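In: have a look; sequence and predicted model below, questions after that.
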Amino acid sequence: MIRAYGVLASILDVAVRDRRVQSNVARGVNLPRKLRKPRVYLSHQQLNTLARFAEDHGVVILALAYTGLRWGELTGLRVKHVDVNRRRFGVEENAVDVNGTIHVGTPKSYAGRSVPYPSFLDESIRLAVAGKNRNELVFGSGGSHLKFPHSQRGWFASAVRKAQAAEPNMPRVTPHDLRHTAASLAISAGANVKAVQRMLGHASAAMTLDTYADLFPDDLDAVAESLATAREKANVWFLWGCEEP
């Protein structure tokens, strides 16, 4: 409903500018608040289980979950975008499936970025690019983009069902949930908000904080303790009749 309202309001804005109507009656309407769907975050063990049941697509799952790339960004990677020596993905293209046809454009933020991948993916990525020319796609056959898996009958859904049977606490996940997982794992490993922002390709650190504020630790107590320590240190220097270094 909120999306339909936005479309209607935009159409009426144009009608007002063209002087077809005097005012946009859709503006100023109080809409019900959109409830945010709870995010799903997988653990390292759950990811290993999911990747194992995905078989040949296991590297796709791990790459999504440990880099935070969107599906279209990962499947749009070409050999020339991969630096296997520095373990970097150069995100320059985004492959979007529109009614069964792949459209290739720029990343969502309209700016390319360099994203590191962990060392345990090194061998899998080297195998994925082996024997391909620089313009071929990294994942899949090289000539055509991987299609987004069907939500019920696709390989991803099948891997999730098998993983749920093997792991009692395994939640139902989608490929996009792996992007959320990447943020969760990076933050739990000690990454700061700017690092997570660059990894995910968010427009600003504020956007990252708004999206994943619940994942960042509450540092208020740490701030108070640091201030107390700094004050004690300053008092010691004062008692010795010295200036702080």
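Out: Structure's in. What do you need?
In: switch to C-alpha atoms for all contacts and neighbour counts from now on
Out: Noted.
In: the protein: strands as residue ranges?
Out: Under the criterion DSSP state E, strands of the chain are mapped to 82-83, 88-91, 94-98, 101-105, 113-116.
In: in a markdown table: those, plus mean pLDDT and mean neighbour count.
Out: Formatted as a markdown table, these follow (pLDDT from 0 to 100; neighbours: other CA atoms under 10 Å):
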| stretch | mean pLDDT | mean neighbour count |
| --- | --- | --- |
| strand 82-83 | 96 | 18 |
| strand 88-91 | 96 | 21 |
| strand 94-98 | 89 | 18 |
| strand 101-105 | 88 | 14 |
| strand 113-116 | 93 | 16 |
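In: okay, the ones you listed in a markdown table with distance to residue 136 next?
Out: Putting those into a markdown table (distance: least, CA to CA, whole Å) gives the following:
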| stretch | distance to residue 136 |
| --- | --- |
| strand 82-83 | 11 |
| strand 88-91 | 14 |
| strand 94-98 | 14 |
| strand 101-105 | 14 |
| strand 113-116 | 19 |
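In: look up how far residue 158 lies from residue 69.
Out: Look at residue 69 and residue 158: by CA to CA, to the nearest Å, they are 22 Å apart.
In: who has more neighbours, these two?
Out: A count of neighbours by other CA atoms under 10 Å puts residue 69 above the other of residue 69 and residue 158, at 24 against 18.
In: domain parsing for this protein?
Out: Structural domains assigned to the chain are 1-35, 44-213, following automatic domain parsing.
In: pLDDT of the first one, averaged?
Out: In other words, domain 1-35. Averaged across domain 1-35, the pLDDT comes to 79.
In: so which bits of that domain are buried?
Out: 9, 12-13, 24 (16 or more other CA atoms under 10 Å).
In: looking at the closest residue to residue 160 other than its chain neighbours now. What's its pLDDT?
Out: Nearest non-adjacent residue to residue 160, counting by CA to CA, 6 or more residues apart in numbering: residue 50, 6.3 Å away. Residue 50 carries a pLDDT value of 97.
In: now do the contacts for residue 50.
Out: Counting by CA atoms under 8 Å, 6 or more residues apart in numbering, residue 50 touches 58, 61, 159-160, 162-163.
In: residue 183: neighbour count?
Out: By other CA under 10 Å, 27 other residues sit near residue 183.
In: residue 177 versus that one, what's the distance?
Out: Distance of residue 183 to residue 177, given as CA to CA: 10 Å.
In: equivalent analysis for residue 58, please.
Out: Between residue 58 and residue 177 the distance is 15 Å, computed by CA to CA.
In: likewise residue 10?
Out: Where residue 177 is concerned, residue 10 sits at a distance of 31 Å (CA to CA).
In: ok, and the closest non-adjacent residue to residue 5?
Out: Counting by CA to CA, 6+ apart, the residue nearest residue 5 is residue 26, at 7.7 Å.
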